[in-house]
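A.B. asks: coords below, sequence missing:
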């Protein structure tokens, strides 16, 4: 699990697509910047993200990869050397796991993180469409305000929360999380805080029946050489 | 001239490309966000930027269009109805003209604006490469600091300056501006402040010999319905 292996460094969700679908997907990211903040896109066929992780190889440096074909998860692998072609394009998308240590430094204790589907539609682009996936953290109301303030300045790590409060308002079912233990009741002194999640593209790959998309498996993100504090408002 | 027609509203540089070059260009924008902050990209063939200017038509709502073929400016027109196809994609790129009224509100008197070529290389993407184009404004040092602070919060309008001080350091020749009167000497009490400019794609079209690219003509930008104050860190 990469989740908190290197606090202070930016970790990324990975999406690999053939060049033919790369424009639609980059446009999907541009239209949904809170869910899909693009940190780096490799040149077609080049597995090295030179600016964010020189020397790295997106084909084998992650712990586990998920392979989606025509909207179905068809397998998990430990490298994608045999699936990578000269037409493959890798997208590195900021992960909210990267900001948890900043919240911790601000006195917000680290909590369980849930990943949840919602009924919030993303803006479609070409063949990509689907619903927003969010992460949920529980904290006090004062901590929620502080967490919103901190993350608002980090648009490349999903920015400010998309929702604070009742999960039902965004159609999130806390009894059926995508990741994390089901919970039947939120403690009354805590409020759920929701951030757009970089797993949204995986949901879009399924909903949109994308012919071939490879992603990281949750908990096996791509670790960059970028420090969270170096990430500005736009990746320059 | 649209330059200051609607203070408070976002105006945009326009780039129109065939879909075959759209991925390379969107990636060029992603890699050069200070020069090319993307506010909106239309669906291929759709001339209406729905979110930023519903009802508008990018094919005829601008005053003048420049047509570049294979790296040469081949003409200017007042509409592009005959050049637009089902494969055309329009990119709206934030213009620094949109923030001048904010500087004015902060007590920085409006000055002449120059547009200058530099020797600063942009990050290439696919077939797009070239040098950064900048705008230059003259102000006192205290005003320069305040202008940097204000624009740092507006990444979709080019963000903070790329340089403050001697134009020669970035290879800008104030005697040969792209736009604005040549100047032989900068008044000693003023300092030149440089922002990345949305005309950079036009320079790239020339340098990269792009088969067909259409842009606005300087001073004839696309006026959106977006207010400058509504522009967040990322266009959502």
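C.D. replies: Alright, I've got the coordinates. Here the structure is a predicted model, which is why all the values come from computation and not from measurement.
A.B. asks: name the element the most centrally placed residue in chain A belongs to?
C.D. replies: Residue closest to the average C-alpha location in chain A (CA atoms, centre = their mean): residue A:198, at 1.9 Å. Using DSSP states H and E, residue A:198 sits in no helix or strand.
A.B. asks: what's around residue A:79, how many residues?
C.D. replies: Using other CB atoms under 10 Å in any protein chain shown, residue A:79 is surrounded by 14 other residues. Backbone N, C-alpha and C define where each C-beta goes, glycine included.
A.B. asks: what does residue A:139 give?
C.D. replies: 20.
A.B. asks: mind listing what it touches?
C.D. replies: A:108-109, A:111, A:147, A:190-191, A:193 (CB atoms under 8 Å, 6 or more residues apart in numbering or on different chains).
A.B. asks: let's see it at 7 Å
C.D. replies: A:108, A:111, A:147, A:190-191, A:193 (CB atoms under 7 Å, 6 or more residues apart in numbering or on different chains).
A.B. asks: what's the spacing between it and residue A:172?
C.D. replies: 16 Å (CB to CB, to the nearest Å).
A.B. asks: just the buried members of the contacts of residue A:139?
C.D. replies: Buried residues within the contacts of residue A:139, defined by neighbour count using 16 or more other CB atoms under 10 Å in any protein chain shown: A:108, A:147, A:191, A:193.
A.B. asks: which ones, among those, also lie beside chain B?
C.D. replies: For chain B, no contacts are drawn from these by CB under 7 Å from any CB of the partner chain.
A.B. asks: could I get the contacts of residue A:139 as JSON lines with secondary structure and distance to residue B:213?
C.D. replies: Below are these laid out as JSON lines (DSSP: H, G, I helix; E, B strand; the rest coil; distance: CB to CB, whole Å):
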{"residue": "A:108", "secondary structure": "coil", "distance to residue B:213": "48"}
{"residue": "A:111", "secondary structure": "coil", "distance to residue B:213": "50"}
{"residue": "A:147", "secondary structure": "helix", "distance to residue B:213": "43"}
{"residue": "A:190", "secondary structure": "coil", "distance to residue B:213": "53"}
{"residue": "A:191", "secondary structure": "strand", "distance to residue B:213": "50"}
{"residue": "A:193", "secondary structure": "strand", "distance to residue B:213": "44"}
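A.B. asks: closest one to residue B:186 out of these, please.
C.D. replies: Nearest to residue B:186 among those, counting by CB to CB, is residue A:147 at 45.6 Å.
A.B. asks: what about the residue nearest to that closest one when sequence neighbours are not counted, how many residues close to it?
C.D. replies: With CB to CB, 6 or more residues apart in numbering or on different chains as the criterion, residue A:147 has its nearest non-adjacent residue at 5.4 Å, and that residue is residue A:103. Using other CB under 10 Å, residue A:103 has 21 other residues around it.
A.B. asks: helix or strand for residue A:89, which one?
C.D. replies: strand A:88-94.
A.B. asks: what does the helix or strand that that strand is followed by contact?
C.D. replies: Moving toward the C-terminus from strand A:88-94, the next helix or strand (DSSP H and E) is helix A:100-105. Applying CB under 7 Å, 6+ apart, the set of residues contacting helix A:100-105 from outside is A:7-8, A:110, A:147, A:150, A:228.
A.B. asks: for residue A:49, list the residues it contacts.
C.D. replies: Contacts of residue A:49 (CB under 7 Å, 6+ apart): A:40, A:42, A:56, A:58, A:90, A:92.
A.B. asks: which one of those residues has the most neighbours?
C.D. replies: Neighbour-wise, the contacts of residue A:49 (other CB under 10 Å) top out at residue A:92, 30 neighbours.
A.B. asks: that one is in contact with residue A:50, isn't it?
C.D. replies: No. The pair residue A:92 / residue A:50 is not scored as a contact, 11.6 Å apart, by CB atoms under 7 Å.
A.B. asks: strand partners of the worst-scoring helix or strand of chain A on mean pLDDT, parallel vs antiparallel please.
C.D. replies: When each helix and strand of chain A is scored by mean pLDDT, DSSP states H and E, strand A:222-227 comes last, with a mean of 83. Strand A:222-227 sits in its sheet next to strand A:9-18 (antiparallel), going by DSSP bridges.
A.B. asks: any residue of the helix or strand just after the strand it pairs with up close to chain B?
C.D. replies: Using DSSP H and E, the helix or strand that directly follows strand A:9-18 along the chain is helix A:19-31. Yes. Helix A:19-31 is in contact with chain B by CB under 7 Å from any CB, via A:22-23, A:26-27, A:30.
A.B. asks: which single one of these is nearest to chain B?
C.D. replies: residue A:23 (3.7 Å; CB to the nearest CB).
A.B. asks: chain neighbours aside, what residue packs nearest to the closest one?
C.D. replies: Closest to residue A:23 by CB to CB, 6+ apart is residue B:23, at 3.7 Å.
A.B. asks: what do you get for residue A:69?
C.D. replies: Spatially, and ignoring its direct neighbours in sequence, residue A:69 is nearest to residue A:212 (5.7 Å; CB to CB, 6+ apart).
A.B. asks: ditto for residue A:128
C.D. replies: residue A:28 (4.0 Å).
A.B. asks: how many neighbours does the one you found have?
C.D. replies: Residues near residue A:28, counting by other CB under 10 Å: 26.
A.B. asks: over to the one 5 residues further on?
C.D. replies: The criterion is other CB under 10 Å. On that basis, residue A:33 has 22 neighbouring residues.
A.B. asks: so is it in a helix, a strand, or just coil?
C.D. replies: At residue A:33, secondary structure determined by DSSP: H, G, I helix; E, B strand; the rest coil is coil.
A.B. asks: next one: it from chain B, what distance?
C.D. replies: Residue A:33 sits 4 Å away from chain B, going by CB to the nearest CB, to the nearest Å.
A.B. asks: which pLDDT value goes with that residue?
C.D. replies: pLDDT for residue A:33: 93.
A.B. asks: what of residue A:6?
C.D. replies: On the pLDDT scale, residue A:6 gets 66.
A.B. asks: before we move on, what about residue A:1?
C.D. replies: 49.
A.B. asks: hmm, who's touching the strand holding residue A:89?
C.D. replies: Here strand A:88-94 has contacts from A:10, A:12-19, A:22, A:25, A:36-42, A:44-45, A:47, A:49, A:52, A:58, A:156-158, A:198, A:222, using CB under 7 Å, 6+ apart.
A.B. asks: which SS class is residue A:201?
C.D. replies: Applying three-state DSSP: residue A:201 is helix.
A.B. asks: just the strands in chain A please.
C.D. replies: A:9-18, A:38-41, A:65-69, A:72-77, A:88-94, A:114-121, A:131-139, A:163-164, A:191-196, A:212-216, A:222-227 (DSSP state E).
A.B. asks: could you list the buried residues of stretch A:9-20?
C.D. replies: Quick answer for stretch A:9-20 (16+ other CB under 10 Å): A:9-17, A:19.
A.B. asks: closest one of the contacts of residue A:49 to chain B?
C.D. replies: For the contacts of residue A:49, the nearest to chain B is residue A:40 (8.6 Å; CB to the nearest CB).
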